[in-house]
Structure formats: structure tokens, C-alpha cells
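[1] I would like the atomic coordinates for the input below:
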Amino acid sequence: MKLASISSLILCSFCPATSQDMHGTIGIVYYTPDRIVAVAESRLTPGGPVGVPTDDGCKVAALGGSMVFVSGGVTGHLRDAFLDAWDSNGLMRAAYSRVKSGNPQQHRRLTQMAREWSNAVADRLNADSRLQPGLLLKLRDMLGGPGASFTSGYLGGLDDAGNLTLLLMQATPNAFATLAEGRVEHMSACPFRGFCVLGSARDLEVVREFASASSERARRETAEWKPPKGAQPKDYDAFKTIRMLV
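    All right, here's what the predicted structure looks like:
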């Protein structure tokens, strides 16, 4: 079996927000055949009448020591104007618990968990929209307009052959933003020199700029950045990914 490493860097704490739908901003995954590193900032921007951002949101989860999950976009809501509270990490942990004992093949377990999560997020959003007509259109426009996803996530882990696998999961609007639909895509690689991004178009462009050193400031950063004193070479990818976030 190929030696591989999965790292989840959880930059968050308990989430005591008190409003309705909650959407986050940016997560970054570094993915190679030998390593997956996932990081996310902890900003939550609650919806509803009191949209005061907080910095205590959890968007990364480690599952069973061999899988890592990160999500962004609409990541949940609390018991407020809706019937039930939910959050994306909780939905992933529920999918993990349901699937892990039912399928002996790791690769198929990963794919099934990814499908269960994306469909569960879509189901929650659809239930919310039945209580608040027009909610999905409002969320779509808030998150970037036509083509934007309500919620996106990455799930990484080992397949049944011992190879690292990365899955992109999304809950996306239909053409009229009247229904959320789950979808899953296997990632053969991350497009920006090993980096995948959850976030806005601006976030994507910044990661692209620094990953490819396509500007003077990015080239200066590449030349000057050093990992923390005492860091081991095997940890450089993790520190580099954190640096992309800050």
C-alpha cells in the first residue's frame, strides 16, 4: 500500500451563532497522489435580520482517522425560522456513520458518503425553501448568481487500492433556483498546482495567482516565504496551504 498522508487543520471552535442560514467564505485543499491537506478559516456570516459575522465556525472534520472533509457556502442554520437545526459537518458525520459499516470497499464508501452528504444538504435546503418561498433564489444571488453552488465540500481519503481520492460535492440550484440538487465529482487533480478552492471568484483568483507566482507580489512571496523554524520537510505542504489562507 502506498504511504499517504491526510491532514485536517481545524481552525475553529464551537459555533454559538444565533441567526438563520449561515454561509462561510474560504477553504483550501492541497491534493497530490501522496497527500491531502485541508484548511478553512472560521468566519461565519449569519443570515436573517442580525447578520453579524462571527469567527467561530467549524468547516473541517476528520472522519475515522482516514478521511478529511471541508465545506463552504451555506453550511447550516440554527433552530430559528425553520423547523430543525442542521450543519454540514453534522450531515457528513451522519453519512459516515450510516455508510462505514455497510460497504466493505473504501472507495465505494467514500463515493456513497459524498452522495449522501450532497443529497442531504440539498434536502435540507429544499425543506427550508418550502417554509420560506424564494429562499433559494435569494441564496443563489447572494453566493454569486447563476452557476453558483449553495454549498460545496471536499471529501478525501484512501480508496480500496490504497490511493488517495478527492471528491467534490455540491448542492446546486436548478435553472430557476426553485430546487437544490446534489452532485458529486471525482477530482483527478486540483487545478492550481495542487490547490483546490472553496470560496468566491476572488478567492479562486488569489490562490491561482500565488500558486502560479503570476504577479510580482506572488513572486516576492514565493522567494521570501519560509516554513516555521523547526518544521519538518514532510509538513511543508501543510504550512504552505495555511499560508494560502492567511
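[2] where does this protein have low pLDDT?
    1-25, 42-58, 78-83, 103-107, 246 (pLDDT under 70).
[3] wait, what's in contact with the most centrally placed residue in it?
    Geometric centre of the chain, nearest residue: Ser71, 2.2 Å, by C-alpha atoms, centre = their mean. By C-beta atoms under 8 Å, 6 or more residues apart in numbering, the contact list for Ser71 reads Gly24, Gly27, Lys59, Ser88, Asn89, Met92, Thr151, Ser152, Gly153, Tyr154, Leu198. In short, each C-beta sits where N, CA and C put it, glycine included.
[4] Not counting sequence-adjacent ones, nearest residue to it?
    Nearest non-adjacent residue to Ser71, counting by C-beta to C-beta, 6 or more residues apart in numbering: Gly153, 3.6 Å away.
[5] Checking that neighbour next. Helix, strand or coil?
    Three-state assignment for Gly153 (DSSP: H, G, I helix; E, B strand; the rest coil): strand.
[6] One more: Gly162?
    Applying three-state DSSP: Gly162 is coil.
[7] The one 10 residues further on too?
    The three-state label given to Thr172 by three-state DSSP is strand.
[8] Count the residues that sit near it.
    Thr172 has 19 neighbours, counted by other C-beta atoms under 10 Å.
[9] Equivalent analysis for Ala120, please.
    Neighbours around Ala120, by other C-beta under 10 Å: 19.
[10] rewinding a little: got the contact list for the residue nearest to Ser71?
    Contacts of Gly153 by C-beta under 8 Å, 6+ apart are Phe69, Val70, Ser71, Gly72, Ser88, Met92, Trp117, Ser118, Leu168, Met169, Gln170, Leu198.
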